[in-house]
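everything below, folded, please.
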Amino acid sequence: MRFVTPILLILFLLLQYRLWFGRNSMPDYVVLKERVAEQQITNEKLQRRNALLYEEIDDLKSGLDAVEERARNELGLIKQDEVFYQTYQDLEEPDS
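Sure, this is the predicted structure:
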């Protein structure tokens, strides 16, 4: 009994050291938990973006209105027999 208590105490301290300072210790766990939380936030943002892209894909597949809108906005296309007016805003001349 005289040797059992010190041996158990030493074993307990070694296990505690490994728990707090060794590989895969509590500080490592906390850091990893924070990284997982950050990654979950990033994943949620990407899932929202993907949902918007899927909606846009469905809209483009289902009707011509979305295709026409993109053609007008991005490519500057106009329909046949349609008149296109381009206006310029006058720039103020600097005082000399």
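
where are the low-confidence patches of this protein?
Flagging of the chain using pLDDT under 70 yields the residue ranges 91, 93-96.

for the longest helix anywhere in the chain, packing partners?
Ranked by number of residues, the top helix in the chain under DSSP state H is helix 26-62. Packed against helix 26-62 by the contact rule (3 or more Cβ pairs under 8 Å, 6 or more residues apart in numbering; DSSP states H and E) you find helix 4-21, helix 64-70. Backbone N, C-alpha and C define where each C-beta goes, glycine included.

what residues does the last one touch?
For helix 64-70, the external contacting residues (Cβ atoms under 8 Å, 6 or more residues apart in numbering) are 56, 59-60.

could you export that helix as CSV, CA atoms only?
Provided in CSV are the C-alpha atoms of helix 64-70 (Å, rounded to 0.1, in the frame of the first residue of the first chain):
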residue,chain,number,x,y,z
LEU,A,64,-37.3,33.4,-71.7
ASP,A,65,-37.9,36.5,-69.6
ALA,A,66,-34.7,35.9,-67.6
VAL,A,67,-32.7,35.3,-70.7
GLU,A,68,-34.1,38.5,-72.3
GLU,A,69,-33.3,40.5,-69.2
ARG,A,70,-29.7,39.2,-69.1
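
how much space separates Gln47 from Leu53?
Per Cβ to Cβ, to the nearest Å, Gln47 is found 11 Å from Leu53.

ranking the helices and strands packed on helix 26-62 by burial, who's on top?
Greatest average neighbour count among those goes to helix 64-70 (a mean of 12), per mean count of other Cβ atoms under 10 Å.

so Glu92, which state does it fall into?
coil (DSSP: H, G, I helix; E, B strand; the rest coil).

centroid residue for the protein?
Nearest to the geometric centre of the chain sits Thr42, at 3.2 Å (Cα atoms, centre = their mean).

quick check: the gap between that one and Ser62.
Distance from Thr42 to Ser62, by Cβ to Cβ: 30 Å.

run the chain-centre distance for stretch 10-23.
Remark: stretch 10-23 is offset 38 Å from the chain centroid, using Cα atoms, centre = their mean, to the nearest Å.
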